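Enquirer: using only what follows, build the 3D model:
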Amino acid sequence: MAKNTICLWYEKAAEEAARFYAKTFPDSTVGAVQYAPSDFPSGKKDDPLVVEFTVLGIPCIGLNGGPAFKHNEAFSFQVSTKDQAETDRYWNAIVGNGGQESECGWCKDKWGISWQITPKVLTDAMSSGGEKAKRAFDAMMTMKKIDVATIEKAVRG
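Expert: Coordinates of the predicted model:
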């Protein structure tokens, strides 16, 4: 296990989520699954309890901890995309698998994890500052999924 690992709390579907991430994103895998050695408040002996996985090379564990805690936007994965096709692929995979759209390139998967699907053209424009950044920002504020062509047009002025 990595020295620093992100732990994500799931009600009971950590393994399902990990397998979805591994199928959806490159450099993502599912590792060991640890099973509960005895009954616990939200599960039974031999239920999957901890799932080791990576998302885009980031080590994570999923803990099937029950309904006590819910995910929110205070934590999100930000995925940099190179073009509209990659943006569409990730967005559609997350939203199309029971997730939901939000604003400005944010969406949630069906387990409540927030994702920022962010084309590089947007982050480049924002880091440039000045009028280009303002135009890109103003265009982004009208979007759910980011439209690369619209951001490029806004950057050009």
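
Enquirer: can you give me the helices for the protein?
Expert: Under the criterion DSSP state H, the chain contains helices at 14-24, 84-96, 120-128, 130-140, 148-156.

Enquirer: of the ones you listed, which stretch is the most buried?
Expert: With neighbours taken as mean count of other Cβ atoms under 10 Å, the helices of the chain reach their highest mean count in helix 14-24, at a mean of 19. C-betas here are computed from N, CA, C, even on glycine.

Enquirer: for it, output the C-alpha coordinates as CSV.
Expert: Listed next in CSV are the C-alpha coordinates belonging to helix 14-24 (Å, rounded to 0.1, in the frame of the first residue of the first chain):
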residue,chain,number,x,y,z
ALA,A,14,-16.9,0.1,-2.9
GLU,A,15,-15.9,-2.8,-5.2
GLU,A,16,-18.6,-1.9,-7.8
ALA,A,17,-17.3,1.7,-7.8
ALA,A,18,-13.6,0.6,-8.1
ARG,A,19,-14.4,-1.7,-11.0
PHE,A,20,-16.3,1.1,-12.8
TYR,A,21,-13.3,3.5,-12.3
ALA,A,22,-10.9,0.8,-13.5
LYS,A,23,-13.0,0.3,-16.7
THR,A,24,-13.5,4.0,-17.3
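
Enquirer: who does that helix touch, helix- and strand-wise?
Expert: Secondary-structure packing of helix 14-24 (3 or more Cβ pairs under 8 Å, 6 or more residues apart in numbering; DSSP states H and E): strand 6-10, strand 29-35, strand 48-55, strand 58-64, helix 84-96.

Enquirer: what's across from I61 in the sheet?
Expert: Counting by DSSP bridges, I61 is bridged to C7, E52.

Enquirer: go ahead and confirm it touches V51.
Expert: Yes: look at I61 against V51 with Cβ atoms under 8 Å: they come within range, at 6.6 Å.

Enquirer: neighbour count for those two, which is higher?
Expert: Of the pair I61 and V51, V51 is the one with more neighbours under other Cβ atoms under 10 Å, namely 24 against 20.

Enquirer: list the residues that contact that one.
Expert: Taking Cβ atoms under 8 Å, 6 or more residues apart in numbering, we find V51 in contact with 14-15, 18, 30-34, 61-62, 64.
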